[in-house]
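Novice: Turn this into a structure:
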Amino acid sequence: MGHVGRYWTIDQNNRLVCELCPRLCKLRDGQRGMCFVRQRIGDVLVLDTYGRSSGFCIDPIEKKPLNHFFPGTPVLSFGTAGCNLACKFCQNHDISKSRQQDSLAAHATPQMIANAALNAGAKSVAYTYNDPVIFLEYAVDVADACSARGVKNVAVTAGYLTDHSRPEFFGVMDAANIDLKAFSPEFYKQLTASEIGPVLESIDYAVNETDCWVEITTLLIPGENDNETEIRNLATWVREVCGPHVPLHFSAFHPDHKMMSHPRTPIETLLKARRIALEEGLHHVYIGNANHKIAQSSYCHGCSALVVGRDWYELSEWNLDTSGTCKKCGTQMHGRFDGAPGDWGRKRKPVRLVAPKT
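Specialist: Residues are numbered from 1 along each chain as shown. A predicted model of the protein is given here:
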């Protein structure tokens, strides 16, 4: 039948209301929510992708992207199928919009994933490719298994949760990169079929009410969310609500899914957005999906010295001491640092999970 899910009620019309995300899908028996993976069977909600995963590759943590979370270390990445957003520009739509879970999935218990991370020498496990919000019960169990073995947990998410589910989800994550897809209600409505409000609430909550380290990413799409006013407003919101220390990443769009006619994002657009965000007072602003060492490297917000050099996902210079403070001026770098940097580099290594012997 699948794994019994959480965060649902039965309303007065005998419809099961899924309260995991703000869509609040109302389901009759047999119906699935918009995410496709949460289904009403009888009078319960089940998650039918529990224990069935796709991906399993070791990536650099910078690819998530997380630049202030144990830089240079390897992370075991995996996902499932389905999504609770409908982004017309989705660059993982073959996974996130799949309706064929079995064709994408491999059997993977939480313990198998934790063991695979340990055996591969991964510092952390990333819940990515599709949004881990929709497989919350599975993600939480994997996170518990990983934490018990000293492996960190990283969410790559659009942050589209309700007040009910938000605490449990972020409560088991050591770090999260949250997509702030634009700073416009119209953009969210027209291009993602969702609302911006819950996303802003999730970012605010994760930054200010949990121990989860948060970085934010905005994919800049030419003509859609790359105008100067919107970028200034976005950067100002991050500074005022989250604090100037929270890293912001601007990533390049490439034509995909239902937006094949849109042009790629010029690197000049990314660099301009970075300049604007720095002008608005943010300490750490990066660009992604394009190579530019200056704009991918980290600088001390105390003395402006280069503290972490990056070339794509590979580290070069390292001018932090073992506790993450600037060697030049002693200013503490915000983030999670632990001794020397990792040396994983830009490698991507597929991983095959092995079931434990019985």
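Novice: pLDDT (mean, whole number) over stretch 185-196?
Specialist: Per-residue pLDDT over stretch 185-196 has a mean of 97.
Novice: ditto for stretch 33-49
Specialist: 96.
Novice: Quick one: end-to-end length of that stretch, please.
Specialist: 13 Å (Cα to Cα, to the nearest Å).
Novice: now do stretch 297-306
Specialist: 7 Å.
Novice: mean confidence for that stretch?
Specialist: 98.
Novice: contacting residues around it?
Specialist: Stretch 297-306 is contacted from outside by 67-68, 244-245, 283-284, 307-310, 317, 319, 326, 328-331, 333, using Cβ atoms under 8 Å, 6 or more residues apart in numbering. For glycine as for every other residue, the C-beta is placed from the backbone atoms N, C-alpha and C.
Novice: rerun at 10 Å
Specialist: With contacts defined as Cβ atoms under 10 Å, 6 or more residues apart in numbering, stretch 297-306 is touched by 67-68, 71, 244-245, 247, 278, 282-286, 293-294, 307-311, 315-320, 325-335.
Novice: Of those, which qualify as buried by neighbour count?
Specialist: Buried by 16 or more other Cβ atoms under 10 Å: 67-68, 71, 244-245, 247, 278, 282-286, 307-310, 315, 318-320, 325-326, 332-335, out of the contacts of stretch 297-306.
Novice: Sort out which of those are in helices and list them.
Specialist: Those of those mapping onto helices are Leu278, per DSSP state H.
Novice: ok so, going back, and the contacts of stretch 297-306, which of them are in strands?
Specialist: Among the contacts of stretch 297-306, the ones falling in strands (DSSP state E) are 285-286, 307-311, 315-318.
Novice: For these, give me a markdown table that also has distance to Ala81.
Specialist: As requested, these are exported to a markdown table (distance: Cβ to Cβ, whole Å):
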| residue | distance to Ala81 |
| --- | --- |
| Val285 | 33 |
| Tyr286 | 30 |
| Val307 | 39 |
| Val308 | 35 |
| Gly309 | 38 |
| Arg310 | 32 |
| Asp311 | 34 |
| Leu315 | 33 |
| Ser316 | 37 |
| Glu317 | 40 |
| Trp318 | 39 |
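Novice: Out of the residues you listed, which is nearest to Leu118?
Specialist: Leu315 (23.1 Å; Cβ to Cβ).
Novice: Can you verify my assumption that the closest one contacts Lys293?
Specialist: No. Assessed by Cβ atoms under 10 Å, Leu315 is found out of contact with Lys293, at 11.2 Å.
Novice: quick revisit: out of the ones in strands among the contacts of stretch 297-306, name the two that are farthest from one another.
Specialist: So, those by Cβ to Cβ: farthest apart are Val285 and Trp318, at 20.1 Å.
Novice: how about low-confidence regions in this protein?
Specialist: Residue ranges of the chain with pLDDT under 70: 1, 92-105, 257, 356-358.
Novice: Which parts of it are helices?
Specialist: Using DSSP H, helices in the chain cover 93-96, 101-104, 110-120, 136-148, 166-171, 185-187, 196-209, 228-237, 267-279, 293-296.
Novice: got the contact list for the most centrally placed residue in the chain?
Specialist: In the chain, the residue lying closest to the centroid (Cα atoms, centre = their mean) is Val156, at 1.4 Å. Val156 makes contacts with 63-66, 77, 79, 92, 126-132, 175-179, 217, as judged by Cβ under 10 Å, 6+ apart.
Novice: Please repeat the previous calculation with a cut-off of 6 Å.
Specialist: Counting by Cβ atoms under 6 Å, 6 or more residues apart in numbering, Val156 makes contact with 64, 128, 177.
Novice: just checking, Cys57 touches Phe78?
Specialist: No. Cys57 is not in contact with Phe78 according to Cβ atoms under 6 Å; the separation is 8.0 Å.
Novice: Pick out whichever of these two has more residues nearby.
Specialist: Neighbours per residue (other Cβ atoms under 10 Å) separate Cys57 from Phe78, with Phe78 holding more: 24 against 19.
Novice: list the contacts for the more buried one?
Specialist: Under the criterion of Cβ under 6 Å, 6+ apart, the neighbours of Phe78 are 53, 55-56.
Novice: From those residues, pick the one nearest Asp144.
Specialist: Of all the contacts of Phe78, Asp144 sits closest to Ser53, with 16.0 Å by Cβ to Cβ.
Novice: Excluding sequence neighbours, find me the nearest residue to the closest one.
Specialist: Nearest non-adjacent residue to Ser53, counting by Cβ to Cβ, 6 or more residues apart in numbering: Ala108, 4.3 Å away.
Novice: Can you get me a residue count around the one you found?
Specialist: Neighbour count of Ala108, defined by other Cβ under 10 Å: 22.
Novice: so how far is the first residue of stretch 65-80 from its last?
Specialist: Start to finish, the residues bounding stretch 65-80 are 19 Å apart (Cα to Cα).
Novice: One more: stretch 224-233?
Specialist: From its first residue to its last, stretch 224-233 covers 15 Å (Cα to Cα).
Novice: what about it, distance to the chain center?
Specialist: Relative to its parent chain, stretch 224-233 has a centroid offset of 22 Å by Cα atoms, centre = their mean, to the nearest Å.
Novice: Could you do stretch 220-234 as well?
Specialist: Centroid displacement of stretch 220-234 relative to its chain, using Cα atoms, centre = their mean, is 21 Å.
Novice: any idea how far Leu191 is from Met259?
Specialist: Relative to Leu191, Met259 is positioned 8 Å away (Cβ to Cβ, to the nearest Å).
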